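1. My questions are about this predicted structure, shown below with the sequence.
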Amino acid sequence: MDRSKDWFSQAVHILKQAKWNLEGEFFDGVCFLAQQSAEMATKALCLHYKLECWGHAISRLFHILKSDILIPESIVDLGKKLDKYYIPTRNPNGFERGAPKDYFTKQEAEEAIDNAEEIIEFCRKIIQK
């Protein structure tokens, strides 16, 4: 059973949550949700090609996909940027002191959304062919 469209739909939904968090100035949450949305879109692409897609690193998922499709290095680089938001946005032990909420900025949050949107659009073009 192909669940790629379900995963892709959830990716878009989570990106909307990230944008909502941006309005509330929850920048750590925005960065995490942007990472999650791009991860889910990438997993949707893996499922579209019937590939195993375990883990949370977007760049690693793209590495798996490279055997089936051409992925521009610029897209892989966006995944690497978002990969950095998987753990430190949620766990206080990612920093010597303070909580994640103390470390993430509006600029980082906006960039994370932009990066996730690019990855989602890249995946959308392939899945909807």
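-> That came in fine, so what should we check first?

2. Tell me which residues touch residue 46, please.
-> 52, 53, 61, 64, 65 (Cβ atoms under 8 Å, 6 or more residues apart in numbering). From N, CA and C alone the C-beta is placed, and that goes for glycine too.

3. If you rank those by neighbours, which is first?
-> Within the contacts of residue 46, neighbour counts (other Cβ atoms under 10 Å) peak at residue 61, which reaches 25 neighbours.

4. Any stretches of the chain with poor pLDDT?
-> Of all residues in the chain, none has pLDDT under 70.

5. Is there a neighbour count for the residue nearest to residue 57 when sequence neighbours are not counted? I'd like the number.
-> Nearest in space to residue 57, with sequence neighbours left out and distances taken as Cβ to Cβ, 6 or more residues apart in numbering, is residue 83 at 5.0 Å. Neighbourhood size, residue 83 [other Cβ under 10 Å]: 18.

6. Chain neighbours aside, what residue packs nearest to residue 82?
-> residue 35 (4.4 Å).

7. element containing that neighbour?
-> Element membership for residue 35 (DSSP states H and E) is helix 27-48.

8. Between helix 27-48 and the following helix or strand past that helix, find me the angle.
-> Moving toward the C-terminus from helix 27-48, the next helix or strand (DSSP H and E) is helix 58-65. Interaxial angle, helix 58-65 versus helix 27-48 (axes from the mean of the first three to the mean of the last three Cα atoms, to 10 degrees): 10 degrees.

9. now for helix 58-65, which elements pack on it?
-> helix 27-48, helix 73-83 (3 or more Cβ pairs under 8 Å, 6 or more residues apart in numbering; DSSP states H and E).

10. Point out the most buried one among those helices.
-> helix 27-48 (a mean of 26; mean count of other Cβ atoms under 10 Å).

11. distance from the centroid: which residue in the protein tops it?
-> When each C-alpha in the chain is compared with the mean C-alpha position (Cα atoms, centre = their mean), residue 97 comes out farthest, at 26.1 Å.
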